[in-house]
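A.B. asks: Show me how the following folds:
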Amino acid sequence: MATSKITYNGLLRTTATHVASGSQIISDAPIDNQGKGEAFSPTDLLATSLASCMFTIMGITANAHGLNIDGAEAEITKVMATEPRRVSAIHINFTFNDVKNFSDKDKKILAHAALNCPVYHSLNADINKVINFGW
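C.D. replies: As a prediction, this is how the structure comes out:
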């Protein structure tokens, strides 16, 4: 069974539908690449999926270790390169509400989990991943 289906809407916009849930994401080409920049670009989604995956794996790990990361946030910055046009770096800054309640061991466990998420390991090694956990 397919994971998702995408419809090209014209004007450099797509609608992706998650088959199992029906949830949708609209993407738009960025302004610097002939688009309107009114939604996530495909490369924005790539960078954002890294942080989302890291949070997912940290959440699983936090649950297993009795830690609470609810309300944590991440700010993602995508850096583009040319020749060829590609994502050259992804910067992620995490912030945690209860960081003062995490021991050094807890922080190592969470960071290790994040840095072993499937998206992190699926990205090309040429993409510079700069991760700040905000401890």
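
A.B. asks: Let me see the ranges of the strands in the protein.
C.D. replies: Listed in chain order, the strands of the chain (DSSP state E) span 4-10, 13-18, 24-28, 73-81, 86-95, 128-132.

A.B. asks: Quick check: the gap between Ala16 and Met58.
C.D. replies: 25 Å (C-beta to C-beta, to the nearest Å). In this view, the C-beta of every residue, glycine as well, is placed from N, C-alpha and C.

A.B. asks: neighbour count winner among the two?
C.D. replies: Met58 (24 against 16; other C-beta atoms under 10 Å).

A.B. asks: how close does that one sit to Asn9?
C.D. replies: 34 Å.

A.B. asks: Kindly report the same for Lys107.
C.D. replies: Taken as C-beta to C-beta, the span from Lys107 to Asn9 is 44 Å.

A.B. asks: With Cys117 instead?
C.D. replies: Separation of Cys117 from Asn9 (C-beta to C-beta) stands at 31 Å.

A.B. asks: if you count what's nearby, which of those two comes out ahead?
C.D. replies: Cys117 (20 against 12).

A.B. asks: you'd agree the more buried one is up against Thr56?
C.D. replies: Yes: using C-beta atoms under 8 Å, Cys117 is in contact with Thr56, at 7.0 Å.

A.B. asks: shared neighbours of those two, anything?
C.D. replies: Counting by C-beta atoms under 8 Å, 6 or more residues apart in numbering, Cys117 and Thr56 have no common neighbour.

A.B. asks: Which residues outside stretch 35-43 are in contact with it?
C.D. replies: 11-13, 25-31, 33, 48, 78, 80, 87.

A.B. asks: try 6 Å this time
C.D. replies: Contacts to stretch 35-43, defined as C-beta atoms under 6 Å, 6 or more residues apart in numbering, come from residues 12, 26-31, 78, 87.
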